[in-house]
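S.K.: Dropping a prediction and its sequence here:
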Amino acid sequence: MPIMNWDQTLDIGVPAMNADHRDILDVMNEIFDAHEAGQEGDIINRLVSRLGAVCTRHFADEEAFMEKVDYPGLNSHKLIHKKLLEDFSGHAAAVKAAGGKANEEFFGFLKRWLVAHIRGIDSKYAEHANSSLSVANG
Ligand SMILES: [Fe+2]
Ligand SMILES: [Fe+2]
């Protein structure tokens with residue numbers, strides 16, 4: 001069972017960023033499935049590292065996209081990404097210190113930040129990008 005399924009409420013209307021968000025969700029679900037199957041140790045640690053890499057890459061791509069569309073909230077969004085990666089590193093270190101054992105707290109963090117960030121924060125640059133696009137095309 002996945003920790004979370006993709007649904008329309010996560011669709012921000014920017015296809016490339018939606019695709020990244022789905023990739024992030026896929027890795028989260030992979031970690032959750034492995035955990036549910038009783039896995040711990042290197043398998044979990046490797047998946048957690050992969051999630052960190054996928055998020056780091058996505059944040060960089062997203063920041064480049066926001067720059068391209070002249071999003072006025074770029075700087076504060078960058079700071080939020082930075083803080084998320086710091087928090088993620090803390091959680092990843094805790095999983096590692098526990099011998100590659102994920103727990104409820106870890107999954108709660110992932111789920112909360114994914115949903116809150118996409119719906120509350122990412123949706124804002126998407127709105128900006130899509131409204132500038134309609135102005136340019138209209
Ligand atoms: Fe973001
Ligand atoms: Fe994002």
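M.R.: Perfect, thanks for sending it. A quick note: this is a predicted structure, and the numbers were derived from the prediction, not measured. Ligands and ions are numbered 1, 2, ... in the order given.
S.K.: Give me the secondary structure label for residue 38.
M.R.: Using DSSP: H, G, I helix; E, B strand; the rest coil, the structure places residue 38 in coil.
S.K.: Check the spacing between residue 107 and residue 80 real quick.
M.R.: Counting by C-beta to C-beta, to the nearest Å, the gap from residue 107 to residue 80 is 21 Å. C-beta here means a position set from N, CA and C on the backbone, and glycine is covered the same way.
S.K.: and this structure, which of its residues are near ligand 2?
M.R.: Within the chain, the positions adjacent to ligand 2 are 62, 122 by C-beta under 5 Å from the ion.
S.K.: Sketch out the low-pLDDT regions of the chain for me.
M.R.: For the chain, applying pLDDT under 70 flags the ranges 133-138.
S.K.: Where does it get nearest to ligand 1, which residue?
M.R.: residue 122 (4.5 Å; C-beta to the ion).
S.K.: What does residue 6 show for phi and psi?
M.R.: phi -70, psi 140 (degrees, to the nearest 10).
S.K.: shouldn't residue 32 be in contact with residue 106?
M.R.: No: in this structure, residue 32 is not within contact of residue 106 by C-beta atoms under 8 Å, at 9.6 Å.
S.K.: quick one: residue 95 and residue 101 touch, right?
M.R.: Yes: with contacts counted by C-beta under 8 Å, residue 95 reaches residue 101, the gap being 6.6 Å.
S.K.: Overlap in contacts, those two.
M.R.: Common contacts of residue 95 and residue 101 (C-beta atoms under 8 Å, 6 or more residues apart in numbering): residue 44.
S.K.: Nice, that's everything, thank you.
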